[in-house]
Each structure stands twice: as C-alpha cells, then as structure tokens.
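In: Using only what follows, build the 3D model:
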Amino acid sequence: LRAKACWICGQFADIRFAEGKGQGQSFMGLMQLVMQRLQDPELPVKVDAVVALRAFVEYVEGLDPLRPILPALLDVFFKLMNEVDKEDLVMTLETLVEKFEDEISPYAVGICKNLAAAFWKLNSAYFDARTSCGSLLGLEVLALASRATRFYCTEPVVAAATTAAATTPGCAQVCEMRDL
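Out: Sure, this is the predicted structure:
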C-alpha cells in the first residue's frame, strides 16, 4: 500500500493545487511524504518513491526544498541502483541532473563512477546473442554519464568506461558514444 501511495502521489504531482502548480503546502506536503518513503524498509516502496519523486522534481517551483538533501538523494539512488535494475531510477536521476545542472559539479565524479559501475553491471547481466551490446538501459546509463563530461574531472571515468565498452566484442554501437 505504501508503494502504491507513492505512485499515486507521483501521478498527481502535476495538478494545480489551491496554492498553484508545483508549490504551496499541499504540493510540498506530498513531496515530503514521498521523500520520507525513500527510507522505507521495503525495497518496492523505496523504488516507487524514487519514481514518484521524478514527477515532483519536474514540477516543483524552485529547487530550494531539494538543495539541502541533494547528496542524500544521490546516495539513495545509487544504493537502489545496486539493488534494482530499473530504467525509471536512471530517468529520475537524469531529471535531478538536469534540474541541478549548475550545482551538480561537486557530485559529478561520484555520479559518473556510479553510473559506469551500473553500466558494467547491467551490461554483464544482460549480454547475450540477442543484445549484442547489453541492455538499452545500460546504454542509457552510459549516455547519461557521457553527458556529464562537460565537467573536466569526470572525463577519465567516462572515457575509460566508453573505451572499454567499445572494445568489448559485439559492442560496436558504443563506439559512437565514445566520440561524444
């Protein structure tokens, strides 16, 4: 029930509350309840909370409520990514990176290292004859990491991952990403 409640909150994050869309006590209250579920003992609840949080991050007016907890949010994402292979987690992380584009640089190296590790985990887990370069999710993870290379300090991490992926037999598609 807690997982479904998180999902429902995410579905209604874009409605116009009495105080307006993406703001006010009602919106912030729902977002706070979803963020509290990130610490839930049950994995499905945490995953649905992360997925619902994406909608709140997209619609929130101003990022001030999220700034102080950004490092903790990133920790939760990477712990969940180690436990669950779910594309929605990467999409939520991508939304956070886009929203906090100007403030994400202190976390860029950690993000890239975690995304590269997630890529290798997914690539090795899903590599077979039908998917010559692993899962599409793995490629999305690497693509997100590649976008972060505008931060000079992340370049060695991303370059190593993309070069190694491109030299893996059957992974010719990744060569294009290496040139990003």
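In: so where do the strands sit in this protein?
Out: Using DSSP state E, the strands assigned to the chain run over residues 16-17, 20-21.
In: export the ones you listed to TSV and tack on distance to residue 81, mean neighbour count and mean pLDDT?
Out: In short, each C-beta sits where N, CA and C put it, glycine included. Below are the strands of the chain laid out as TSV (distance: least, C-beta to C-beta, whole Å; neighbours: other C-beta atoms under 10 Å; pLDDT from 0 to 100):
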stretch	distance to residue 81	mean neighbour count	mean pLDDT
strand 16-17	31	14	88
strand 20-21	30	12	84
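In: will you turn those into TSV that also has distance to residue 105?
Out: Listed next are these as TSV, based on distance: least, C-beta to C-beta, whole Å:
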stretch	distance to residue 105
strand 16-17	33
strand 20-21	29
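In: Looking at those strands, spot the one closest to residue 39.
Out: strand 16-17 (25.0 Å; C-beta to C-beta).
In: Neighbouring strands - and their directions - for that closest one?
Out: Take DSSP bridges as the rule and strand 16-17 pairs in its sheet with strand 20-21 (antiparallel).
In: And the helices in the protein?
Out: With DSSP state H as the criterion, the chain has helices at 2-11, 24-36, 43-59, 70-83, 87-99, 108-126, 136-147, 155-167, 174-178.
In: what's the weakest-modelled helix or strand in this structure?
Out: helix 174-178 (a mean of 47; mean pLDDT, DSSP states H and E).
In: residue contacts, the nearest residue to residue 58 once chain neighbours are set aside?
Out: With sequence-adjacent residues excluded and distances taken as C-beta to C-beta, 6 or more residues apart in numbering, residue 58 is closest to residue 95, at 5.9 Å. Contact analysis of residue 95 by C-beta atoms under 8 Å, 6 or more residues apart in numbering lists 54, 57-58.
In: Report the buried members of these.
Out: 54, 57 (16 or more other C-beta atoms under 10 Å).
In: which one of the contacts of residue 95 sits closest to residue 99?
Out: residue 57 (5.6 Å).
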